[in-house]
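Novice: Pasting the sequence and the predicted coordinates here, then a few questions.
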Amino acid sequence: MKNIELIEIPKISDPRGNLAVIEKDILPFKIQRVYYLFDVPSDSYRGGHAHKELYQFLIPLAGSFDVVLKDGITEEKIMLNKPTKGLLIKPGVWRELANFSSGSVCLVLASEVYFEADYIRDYQEFLSYVKNN
Ligand code: TYD
């Protein structure tokens, strides 16, 4: 699917513990906001929306979860389970997050501050939006 990309985060391995670093050149946007999901019940479902302008980069800092992605034509499910592999989601992609493992943490780097008007939270509305854009 276009508009999504798995990006390997450079890692500095060390017997004292690994270090992963995200510098500005690995992402196609300037980070304006950081938030994270934690203490997520395993039967929880998050997301269920798309964005008009927002870019997001999801990193499973701990544990794992599934991301279902839809662009109005195809659908893809990606399991994120490595803290050195993140998922870039560009605008115009419907995403649903589920199957969070116990103790999992999802870090999200975003290109804009929170702005509710950028969300498309209704799936039928999303389908018309992608058809017309
Ligand atoms: P929501 O978009 O439903 O989260 P998710 O996509 O993970 O399922 O957001 C939950 C609530 O938090 C909603 O009331 C909006 C609010 N919120 C903020 O105030 N700021 C933020 O940066 C985010 C992501 C959400």
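Specialist: Right, received. Where do you want to start?

Novice: centroid residue for the chain?
Specialist: Leu58 (3.5 Å; C-alpha atoms, centre = their mean).

Novice: okay, that one: pLDDT?
Specialist: pLDDT for Leu58: 98.

Novice: so where do the helices sit in the chain?
Specialist: Secondary structure of the chain (DSSP state H): helices located at 123-132.

Novice: What residues does it have near the ligand?
Specialist: The chain has residues Arg33, Tyr35, Leu37, Arg46, Gly47, Tyr114 near the ligand, with proximity defined as C-beta under 6 Å from any ligand atom. In this view, the C-beta of every residue, glycine as well, is placed from N, C-alpha and C.

Novice: mind checking how far the last one is from Pro15?
Specialist: Using C-beta to C-beta, to the nearest Å, we find Tyr114 at a distance of 40 Å from Pro15.

Novice: swap in the fifth one?
Specialist: In this structure, Gly47 and Pro15 are separated by 37 Å, where distance is defined by C-beta to C-beta.

Novice: So, low pLDDT: which residues of the chain?
Specialist: Along the chain, the model assigns pLDDT under 70 to no residue.
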